[in-house]
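Participant: sequence first, predicted coordinates after that:
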Amino acid sequence: MPQELPADLKSVPRAPEEARWLVEDLCESIRHDLKKQAAYLEKAVAVESELNLPAICARIEDLGEKDTFAFEERSFLSQNVELDSIIVSVPNSDSHKVKTPEEKHFTIKYGETGHTYESLIGDYLDNVKTVTIEDPYIRITHQIANFVRFCEALVKLGNVKKIVLITGYDEETPVMEVPEKLTVIKQSLLEVDIFLDIQFNDKIHDREIRFDNGWTIKIGRGLDFYQKPNDWFEIGANDLSLRKCLETKVDIFRSNHNQLS
């Protein structure tokens, strides 16, 4: 204990100060001995009760680094709960501020960096369980790879349980390869408890991402707004935040029509 012992405890027998290291070393050894832990805890509870430690030490703020007795943990928890309450009750505290998603309309300029799927969708995933992606061009390898990256962003940022992909095809689409690759993604998502519903529609043209909390994100180029690297060993080849972008418009807005009841 960092401060002087309470008067009620001064008569309790204790080892001399020069033996402190030996006592602490012995106690630490018993704490980590699986065969002796139960007896150690039982004895600690008995001593706590016999000496009435919770009442005697009630006004002591700093009980030291080691929490031998149960009341020390309760005291530490209580102090932290009180501190959290003080922080929450201060109107100007940063922890009191809640970031509210806002409608946005902007253009990603040609050659810009710093734009990722996470930065675009992260603020709008609150309470989202289902995400619908309409993009007619999830067909060839790099487009499917972008879709995988988008799914990874959803896995990292939210609690999504279902992804609906509506994509298209044409005469040049490798009809056998696309479903095969998307099925691999579907199986992979199941391993993280997300169901992927794949739908093909050769009539769709627009690209948009809809969340079941009402938010819609429309990207002019869909998920395919990154430039192809000049070399796959250059900076930005793997980290999309460092990858140069193609120019595209982004519209983020809320619509009650998207919200599921």
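Facilitator: Perfect, thanks for sending it.

Participant: strands along the stretch 1-150 of the chain, start to end?
Facilitator: 104-108, 130-134 (DSSP state E, counting those that start in this stretch).

Participant: contacts for the last one, please.
Facilitator: Contact with strand 130-134 is made by 147, 150, 154, 160-167, 204, 206-212, 223, 260, as judged by CB atoms under 8 Å, 6 or more residues apart in numbering. C-beta: built from backbone N, CA, C; applies to glycine.

Participant: repeat for stretch 199-216
Facilitator: The contact list for stretch 199-216 (CB under 8 Å, 6+ apart) reads 101, 121, 124-137, 164-170, 217-223, 251-256, 258-260.

Participant: and those residues, which are buried?
Facilitator: Neighbour counting with 16 or more other CB atoms under 10 Å marks 121, 124-125, 128, 130-137, 164-169, 217-219, 221-223, 252, 254, 258 as buried within these.

Participant: who does I133 bridge with?
Facilitator: Assessed by DSSP bridges, I133 has beta-bridge partners L165, I209.

Participant: quick check: the gap between it and I166.
Facilitator: I133 is 7 Å from I166, where distance means CB to CB, to the nearest Å.

Participant: R221 too?
Facilitator: If you measure R221 against I166 using CB to CB, the figure is 17 Å.

Participant: need the strands of the stretch 1-150 of the chain in TSV (columns: distance to R20 and mean pLDDT).
Facilitator: TSV is the format used below for the strands of the stretch 1-150 of the chain (distance: least, CB to CB, whole Å; pLDDT from 0 to 100):
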stretch	distance to R20	mean pLDDT
strand 104-108	61	97
strand 130-134	59	97
